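Peer 1: show me how the following folds:
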Amino acid sequence: MRNNRLKKYLLAPMLRALIETSFIIFLFYANLFMGEYEKSGNGERKGALWALNDILTVNNFIIAIVAAVIGYFVFEFLRKKI
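Peer 2: Coordinates of the predicted model:
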């Protein structure tokens, strides 16, 4: 019983961090994907698979991870401050 509570106490913050950073990454990629379908993007002419291939790069993934971690710490700071 006590071991189960300890495990729950330790896993809850990590699970929350994973969910929050995943959501930030999702929003980042959704924004990039929508940008491919604006007037300046090529998504309408070349199609959705081309757009996905254009945004799913290593550089974009690194940017998404860094932005998600920074965003997570900013929200944690604001959550504790307010």
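Peer 1: use CA for all of it now, contacts and neighbours both
Peer 2: Will do.
Peer 1: helix, strand or coil for the residue most central in space within the chain?
Peer 2: Relative to the mean C-alpha position of the chain, the nearest C-alpha, by C-alpha atoms, centre = their mean, is the one of Ile25, at 1.4 Å. Recorded secondary structure, Ile25: helix (DSSP: H, G, I helix; E, B strand; the rest coil).
Peer 1: which non-adjacent residue is nearest it?
Peer 2: With C-alpha to C-alpha, 6 or more residues apart in numbering as the criterion, Ile25 has its nearest non-adjacent residue at 5.4 Å, and that residue is Ala64.
Peer 1: what's around that neighbour, how many residues?
Peer 2: Burial of Ala64 is recorded as 20 neighbouring residues (other C-alpha atoms under 10 Å).
Peer 1: that one contacts Ala30, doesn't it?
Peer 2: No - at 11.2 Å, Ala64 does not count as touching Ala30 under the criterion of C-alpha atoms under 8 Å.
Peer 1: and the residue lying closest to Thr21 once chain neighbours are set aside, how far from Gly35?
Peer 2: The shortest distance from Thr21 to any non-neighbouring residue, by C-alpha to C-alpha, 6+ apart, is to Ala68 (4.9 Å). Relative to Gly35, Ala68 is positioned 19 Å away (C-alpha to C-alpha, to the nearest Å).
Peer 1: these two: which has the busier surroundings?
Peer 2: Neighbours of Ala68 and Gly35, each counted by other C-alpha under 10 Å, are more numerous for Ala68; the result is 23 against 16.
Peer 1: Val58: neighbour count?
Peer 2: If we define neighbours as other C-alpha under 10 Å, then Val58 has 9 of them.
Peer 1: quick revisit: right, and the residue nearest to the centre of the chain touches Val66 too?
Peer 2: No - assessed by C-alpha under 8 Å, Ile25 is found out of contact with Val66, at 9.5 Å.
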